[in-house]
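Visitor: Build me a structure from this.
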Amino acid sequence: MWFYSVETFLVLASLFFFSWSLRKEVHLTLFHKLVGWAGFLVLLSALFSFDFRGVFFQEVYVMDGFSQLMKVILVLGYFITLFLAQEVKDVDGKHQPEFYLFLTTSTLGMVVLVSAKDLITLYTALELASYSLYLLIPMRSNGKGSAEASIKYILIGIAASGIMVYGFSLLFGLTQTTYLNEIAAQLPLLYQMPIFWVAFFFSLAGFFFKLSFFPFHAWTPDVYEAGNTQVIGFISTVSKIAGLSVLIRFMLLAGETAHVLDDVWVAIAIATMTIGNLSALIQKDLKRLLAYSSIAQAGYLLVGVLCISEKGISGAIYYAAAYLVMNLTAFFIISQLSKNGNNVPTSAVKGLFKRSPLLALTLLISFFALAGIPPLAGFTGKWFIFSAAVNSGYNVLALVAIFNSIISLYYYLMVVKDAYSDEGIEAGGLEPIRLKPAYQIYCYLSIAVLVVTGFFPHLFMSLTKQSIAVFF
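Guide: Predicted coordinates for the structure are as follows:
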């Protein structure tokens, strides 16, 4: 079983990229072809190992329906990132093997993270994923402030990690075990103790950081602005889905005990959504706009998770998968608009429909999906999440979430309006953008996925419900 698992193939891919990093000279054309095949093999292994089940390594590692589904989503994001990073413009050629190596080790950490069944494995996997990302940010050769943003990212990450480890130590002291299911079995006795809630929230700090929840969101805009476009697309999607997976497992194991602090969860969700959307309104840089957008999107995901219901959790997973496609496509558009990997102001999209009609249409669909306009997947995902919140009695939270979605319409639609307008552009400023055939196919596929899954969500929703059946 292990020989065919996605974990094994990620380890092999890491060794492959490491061996290339030892070379004095790198033949980039050949290397990029091999990168594509490596990513494809990892994706195939994730699909092949979807039905793997079992508990391993003294019961610290679990393969169940939930973990295997999340691994497929994570590896799909990894594969798309590798595909879109075939033309990395702002990373030196001699450093590109290390670039792909750290992307792969980060994905390996996230894959292990979603299967971790005890605190030590959880922490080790989180640190592997995090430190790989810390190293990727300063690799951008022309990134203004990339070193500063990287230091900020590391310092906040270390602080969140330290708080989390302290929470883990408190949990171990209270329960005398590191196994998540054994900790969950003792929750009815623990939740009346104030120290337990300190331990519980401290333990979640690292995942709040990953998901950019308030108050661990401050790093997001600076890191997004300073980092390589493909890396930031990876962080904004794959990293968030990994954090979401652990949060879901925590909440489902806690069960009804998690509802004791409903007011706190609701406050975090409202603050995250509102701060993200209001801050995005005034952004003039596309990557900073998507940074604050990602904070708001994390708030929507939390709405589904805190319902702790089959409909809420499956809706959150569906929306996370849709968000993967929406946001990676948005960052792909930025990479195509950018010259030499430079940052792109929102004004740079003006006249895009004349420069590249397909790219303009792709931008329209992805931003409409992010805004939650029907019948796209973004709307359907929000519908599942918000209706689950109403069914669970979170009426005020659902109203605030809907209001926040309305606020987000402004900044998403302003970008789309600019893409289909050429006002204020000087003559000769509309140079055509020629997409490679592979990128044209990606545009058509992303449009098809966002439209078709929006119209027919039940195929994927039935899959998510089967994957979380182990918890209900």
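Visitor: Tell me the buried residues in stretch 306-324?
Guide: Within stretch 306-324, the residues that count as buried by 16 or more other Cβ atoms under 10 Å are 306-309, 311-324. All C-beta spots, glycine's among them, are computed from the backbone N, C-alpha and C.
Visitor: How about stretch 12-24?
Guide: Using 16+ other Cβ under 10 Å as the test for burial, stretch 12-24 gives Ala13, Ser14, Phe16, Phe17, Trp20, Ser21.
Visitor: And the residues you listed, which is closest to Thr29?
Guide: Nearest to Thr29 among those: Trp20, at 13.3 Å, using Cβ to Cβ.
Visitor: now the closest one, nearest residue through space, not along the chain?
Guide: In space, and not counting its chain neighbours, Trp20 is closest to Pro97: 3.9 Å by Cβ to Cβ, 6 or more residues apart in numbering.
Visitor: could you give the mean pLDDT of the helix or strand harbouring that neighbour?
Guide: Assigned by DSSP states H and E, Pro97 falls within helix 96-115. For helix 96-115, the mean per-residue pLDDT is 88.
Visitor: by contact count, what packs against that helix?
Guide: For helix 96-115, the elements it packs on are helix 6-21, helix 28-48, strand 61-63, helix 65-84, helix 119-136, helix 229-234, helix 240-254, judged by 3 or more Cβ pairs under 8 Å, 6 or more residues apart in numbering; DSSP states H and E.
Visitor: related to what we said a few turns ago, show me the buried residues of stretch 306-324 that map onto strands.
Guide: When those are checked against strands (DSSP state E), there are no matches.
Visitor: Can you give me the neighbour number for Ile441?
Guide: When counting by other Cβ atoms under 10 Å, one arrives at 11 neighbours for Ile441.
Visitor: which secondary structure element contains it?
Guide: Using DSSP H and E, Ile441 sits in helix 437-455.
Visitor: and the angle for that helix with helix 28-48?
Guide: Here helix 437-455 points in a direction 20 degrees away from that of helix 28-48 (axes from the mean of the first three to the mean of the last three Cα atoms, to 10 degrees).
Visitor: Just the residues contacting helix 437-455, thanks.
Guide: For helix 437-455, the external contacting residues (Cβ atoms under 8 Å, 6 or more residues apart in numbering) are 83-84, 86, 322, 325-326, 329, 332, 336, 358-359, 361-362, 365-366, 369, 374-380, 435, 460.
Visitor: contacting residues around the residue nearest to Ser161 when sequence neighbours are not counted?
Guide: The shortest distance from Ser161 to any non-neighbouring residue, by Cβ to Cβ, 6+ apart, is to Gly206 (5.6 Å). Residues in contact with Gly206, defined by Cβ under 8 Å, 6+ apart, are Tyr123, Leu126, Ala160, Ser161, Ile163, Met164.
Visitor: would you turn those residues into TSV with neighbour count and distance to Ser106?
Guide: Listed next are the contacts of Gly206 as TSV, based on neighbours: other Cβ atoms under 10 Å; distance: Cβ to Cβ, whole Å:
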residue	neighbour count	distance to Ser106
Tyr123	19	16
Leu126	26	11
Ala160	22	16
Ser161	18	15
Ile163	19	21
Met164	24	18
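Visitor: ok, the buried residues of stretch 12-24 vs Gln192, which is closest?
Guide: Using Cβ to Cβ, Ser14 comes nearest to Gln192 of these, at 45.3 Å.
Visitor: At the geometric centre of this protein, which residue do we find?
Guide: The residue lying closest to the centre of the chain (Cα atoms, centre = their mean) is Thr237, at 2.1 Å.
Visitor: mind listing the strands for the stretch 251-400 of the chain?
Guide: Counting by DSSP state E, counting those that start in this stretch, the stretch 251-400 of the chain has no strands at all.
Visitor: Show me the shaky parts of it.
Guide: 255-260, 339-342 (pLDDT under 70).
Visitor: I figured Ala291 hits Pro221, correct?
Guide: Yes - with contact defined as Cβ atoms under 8 Å, Ala291 and Pro221 form a contacting pair (4.3 Å).
Visitor: show me the contacts for Phe172.
Guide: Phe172 sits next to Leu119, Thr178 when contact means Cβ under 8 Å, 6+ apart.
Visitor: can you tell me how far it sits from Ser203?
Guide: Per Cβ to Cβ, to the nearest Å, Phe172 is found 10 Å from Ser203.
Visitor: Identify the contacts common to the two.
Guide: Joint contacts of Phe172 and Ser203 (Cβ under 8 Å, 6+ apart) are Leu119.
Visitor: So what touches stretch 211-221?
Guide: Here stretch 211-221 makes contact (Cβ under 8 Å, 6+ apart) with 149, 152-153, 156-157, 160, 205, 208-209, 240, 243-244, 247, 268, 271-272, 275-276, 279, 288, 291-292, 294-295, 298-299, 301-302.
Visitor: Same question for stretch 377-396.
Guide: 266, 300-301, 303-304, 306-309, 311-312, 314-316, 318-319, 322-323, 325-326, 368-374, 397-398, 401-402, 405, 449-451, 453-454, 457, 461.
Visitor: now, which of these lie within helices?
Guide: 266, 300-301, 303-304, 306, 311-312, 314-316, 318-319, 322-323, 325-326, 368-371, 397-398, 401-402, 405, 449-451, 453-454, 461 (DSSP state H).
Visitor: what about Ser212, how many neighbours?
Guide: 29.
Visitor: From Met63, how far off is it?
Guide: Distance, Ser212 to Met63, by Cβ to Cβ: 28 Å.
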